[in-house]
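K.L.:
Provided below are the primary sequence and the corresponding predicted coordinates.
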Amino acid sequence: MQDIDIIPCLNDNYSYLICDKDTNTITIIDPSDFNPCDEIIKKKYNKLDYILNTHHHFDHVGGNQKLKEKYKAKVLGCEIDKDRIPEIDITLKEKQNFKLGKTSFEVIFVPGHTTGHIAFYFKDEKIVFTGDTLFSLGCGKIFEGTCEQMFNSLNKLKNLPIDTKIYCGHEYTKKNLEFCLEYDSNNEFLKKKIIGLTQS
């Protein structure tokens, strides 16, 4: 059983704080900024066991060093990024399973945005943390990988069960929606979505 807190960071980043309630194991995903992440960790748990990084970009690993220093947490990331993720302790590879208390996730290798990008799939909880691979109505820019890699990575995520809940790395919904409508202006789903966003 998990509790998940969404932590807005920087301009449009999301970090995620996970508590495995059975064991009180506390994990943070992509802590881009120390202060907002530390504030909620300190307030709710005053401990941190693991730091998971989807990829090496600073807006996903910016809080690693200070959080590790303060809480003695272990940093996990893709084996390809072992020299690019600050303070990394444990390297992960495709289809590897890792336990966080009684909760476990599977590593999905999703290169494209970067060459060492991974996603964290919690099968029993039906959730996946996609970093900068998949967003609401869009995907990440291709900085290091290829279009073919990104296409294959998105298909891996697409093939997860349809009721899988997506936790992405940024809030780009409005910008992505505007882009989609520019090229598909008669799409009824998109029209309803933009009305919902403007009313909220």
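P.N.:
Received the coordinates, thanks.

K.L.:
buried stuff in stretch 71-90?
P.N.:
The neighbour-count check on stretch 71-90 (16 or more other CB atoms under 10 Å) flags 71, 73-81, 84-88 as buried. All C-beta atoms are positioned from the backbone trio N, CA, C, and that covers glycine.

K.L.:
cool, stretch 96-116 as well?
P.N.:
Under 16+ other CB under 10 Å, the buried positions of stretch 96-116 are 100-101, 103, 105-116.

K.L.:
How about stretch 51-62?
P.N.:
Neighbour count says stretch 51-62 has 51-57, 59-62 buried, by 16+ other CB under 10 Å.

K.L.:
Grab the most central residue of this structure for me.
P.N.:
residue 131 (3.4 Å; CA atoms, centre = their mean).

K.L.:
re the thing from before, from the buried residues of stretch 96-116, pick the one nearest residue 146.
P.N.:
Nearest to residue 146 among the buried residues of stretch 96-116: residue 112, at 7.2 Å, using CB to CB.

K.L.:
sorry, back to before: from the buried residues of stretch 51-62, which land in helices?
P.N.:
59-61 (DSSP state H).

K.L.:
Format the residues you listed as JSON lines; extra columns: distance to residue 169 and pLDDT.
P.N.:
What follows is these, written out as JSON lines (distance: CB to CB, whole Å; pLDDT from 0 to 100):
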{"residue": "59", "distance to residue 169": "8", "pLDDT": "94"}
{"residue": "60", "distance to residue 169": "6", "pLDDT": "96"}
{"residue": "61", "distance to residue 169": "12", "pLDDT": "97"}
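
K.L.:
in the chain, which spans are strands?
P.N.:
2-9, 13-20, 25-29, 50-52, 74-78, 90-92, 97-100, 103-109, 118-122, 127-131, 134-135, 138-139, 165-168 (DSSP state E).

K.L.:
ok, and what's touching the fourth one?
P.N.:
The contact list for strand 50-52, computed with CB atoms under 8 Å, 6 or more residues apart in numbering, reads 25-31, 63-64, 67-68, 73-77, 87, 100, 120, 129.
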